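S.K.: Give me coordinates for this.
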Amino acid sequence: MAEVSEARCVLLASANGELRLRLNLSLTGMRWKVCEARGGAEALAQMEEFRPEALLIDHWLPDLEAGEFAMQIAAMYPWVDLLWVDGEAAGAAKSPRRHELLHALRETATTEPADAAANEVVAIESVISEMAVALIHEDKSAVFTAIEGMVGESKEMQELARLIRLVAPTTATVLIEGETGTGKEVVANALHRLSARASKAFCVLNCAAIPEALLEAELFGHTRGAFTGAVTSRTGRIEAAHGGTLFLDEIGEMPMALQAKMLRFLECGELQRVGENEVIRVDVRVIAATHQHLEEGAAEGKFRLDLYHRLAVFPVTVPALRERMGDISALAEFFLAGMGKAAPRKRLTAAALVLLQEHHWPGNVRELAHVLERGAILAGSRAEIGVEEIRLRHSRR
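M.R.: Predicted coordinates:
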């Protein structure tokens, strides 16, 4: 069933303040409720809050590529009428009042700024926009990878950071895929911190770390006496995350019987504690992670296909370290700097760095962190970690 948009509400997404002002005046004159966003991430947050009937998109946004942003909006909100500010349709949906929107866009395109001050505003914003575009082209990593805990300037990390910034402000369920040790929990943390739920709880549950018999109670909570050993009632992780984010790590390890209950919660936002008939409504955003190929598991009957699709509303993949070897130097500096907070900071010799860059890294970023920690210990009081202190898996040293 399609979401119901707020009647006569339109969202303007543009970094051009003068354009927003003139469109706002025109649309409010036709009794539209007008919301404004200066960039793509802000527009996504506004979409969740106001559920507008239409979205007017500028061809340049300071934080996101406008074409990809429009496609993502069309996929997430297929009922919303999407129009570029030149009047061209950007999506398949069509508002019954599109003629009013087009009239406002035409009126804005043919109306000159009211006075010299307005002209100056346009000129200043034009310069700022050109500077921003130049900065993006000059150093994309500065724009896209400035996310706490995420290290690297490779194109793979830039793309991951871009997707995180795009989906974080929404309430969409995210499935983080990637090999063990790639940093999936770091991504989940970033999604929470960049969302409107950042001030609320971030609850983590590793589905592989809890015995199957206790996992349901851990997730949904239980009442006193619900099972042997339940001497007191307990709030589950889902309920504890109310208003915030629940991160389910290793979701592929969740038992099939519990997957059905999890699917129902995702669909209706309601849960029942084990041993209790009362239904509790909870507002939680779910982020899941797995190193398994869940779609293949579903084909083999090991994972529910409907749950997979409900989790993978917005899938992101964390690249393996061997796919971004150019980031090893930056990662090494990051880990050594962290170790330097508790002891004198060490540095790698050039030969040691080359050795790290030639390794295949089956354990990914986690393995790199452990190798460096081991090397720092082996180096003792010396300030440098050399080749002899780098002990790699399958190494003959």
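S.K.: where's the spatially most central residue of the chain, which helix or strand?
M.R.: Residue closest to the average C-alpha location in the chain (C-alpha atoms, centre = their mean): I164, at 3.2 Å. Using DSSP states H and E, I164 sits in helix 155-167.
S.K.: Can you point out the buried residues in that helix?
M.R.: For helix 155-167, a neighbour-count test (16 or more other C-beta atoms under 10 Å) marks E156, M157, Q158, L160, A161, R162, L163, I164, R165, L166, V167 as buried. All C-beta atoms are positioned from the backbone trio N, CA, C, and that covers glycine.
S.K.: Ok, stretch 382-397 next?
M.R.: Applying 16+ other C-beta under 10 Å to stretch 382-397 flags I385, G386, V387, E389, I390, L392 as buried.
S.K.: Could you do stretch 195-211 as well?
M.R.: Counting neighbours by 16+ other C-beta under 10 Å, the buried set in stretch 195-211 is S195, R197, K200, F202, C203, V204, L205, C207, I210.
S.K.: Pull the residues that contact it.
M.R.: Here stretch 195-211 makes contact (C-beta atoms under 8 Å, 6 or more residues apart in numbering) with 45, 48, 168-170, 185, 188-189, 192, 215, 218-219, 237-238, 240-254, 285.
S.K.: Could you rerun that using 6 Å?
M.R.: The contact list for stretch 195-211, computed with C-beta atoms under 6 Å, 6 or more residues apart in numbering, reads 168, 192, 218, 237, 240-241, 243-251, 253-254.
S.K.: quick one: it to chain centroid distance?
M.R.: 14 Å (C-alpha atoms, centre = their mean, to the nearest Å).
S.K.: If we ignore the residues flanking it in sequence, what's nearest W361?
M.R.: L321 (4.2 Å; C-beta to C-beta, 6 or more residues apart in numbering).
S.K.: OK, contacts around the nearest residue to A70 once chain neighbours are set aside?
M.R.: Leaving aside its sequence neighbours, A70 sits nearest to A90 (C-beta to C-beta, 6+ apart; 4.4 Å). Shown in contact with A90 (C-beta under 6 Å, 6+ apart): I57, A70, L82, W84.
S.K.: what about the second one, helix or strand, and which?
M.R.: Secondary structure here is read from DSSP H and E; on that basis A70 sits in helix 66-76.
S.K.: what does that helix contact?
M.R.: With C-beta under 6 Å, 6+ apart, helix 66-76 has contacts from G40, I57, H59, L82, A90, G91.
S.K.: List buried residues within those residues.
M.R.: Those of the contacts of helix 66-76 that meet the buried threshold are G40, I57, L82, A90, G91, by 16+ other C-beta under 10 Å.
S.K.: Select from those residues every entry located in strands.
M.R.: Among those, DSSP state E puts I57, L82 in strands.
S.K.: Save the buried ones among the contacts of helix 66-76 as JSON lines, and put in distance to G340 and pLDDT too.
M.R.: Below are the buried ones among the contacts of helix 66-76 laid out as JSON lines (distance: C-beta to C-beta, whole Å; pLDDT from 0 to 100):
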{"residue": "G40", "distance to G340": "37", "pLDDT": "83"}
{"residue": "I57", "distance to G340": "46", "pLDDT": "95"}
{"residue": "L82", "distance to G340": "49", "pLDDT": "96"}
{"residue": "A90", "distance to G340": "49", "pLDDT": "92"}
{"residue": "G91", "distance to G340": "51", "pLDDT": "89"}
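S.K.: For the buried ones among the contacts of helix 66-76, give me a markdown table that also has distance to V313.
M.R.: A markdown table is the format used below for the buried ones among the contacts of helix 66-76 (distance: C-beta to C-beta, whole Å):
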| residue | distance to V313 |
| --- | --- |
| G40 | 18 |
| I57 | 22 |
| L82 | 19 |
| A90 | 21 |
| G91 | 18 |
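S.K.: just the buried ones among the contacts of helix 66-76 now: which is nearest D306?
M.R.: Nearest to D306 out of the buried ones among the contacts of helix 66-76 is G91 (C-beta to C-beta; 26.7 Å).
S.K.: Quickly note the distance from that closest one to L356.
M.R.: 47 Å (C-beta to C-beta, to the nearest Å).
S.K.: any idea how far stretch 235-245 is from the chain center?
M.R.: Put simply, stretch 235-245 sits 19 Å off its chain's centre (C-alpha atoms, centre = their mean).
S.K.: List the contacts of that stretch.
M.R.: 192, 197, 200-203, 205, 219-221, 246, 271, 282-285.
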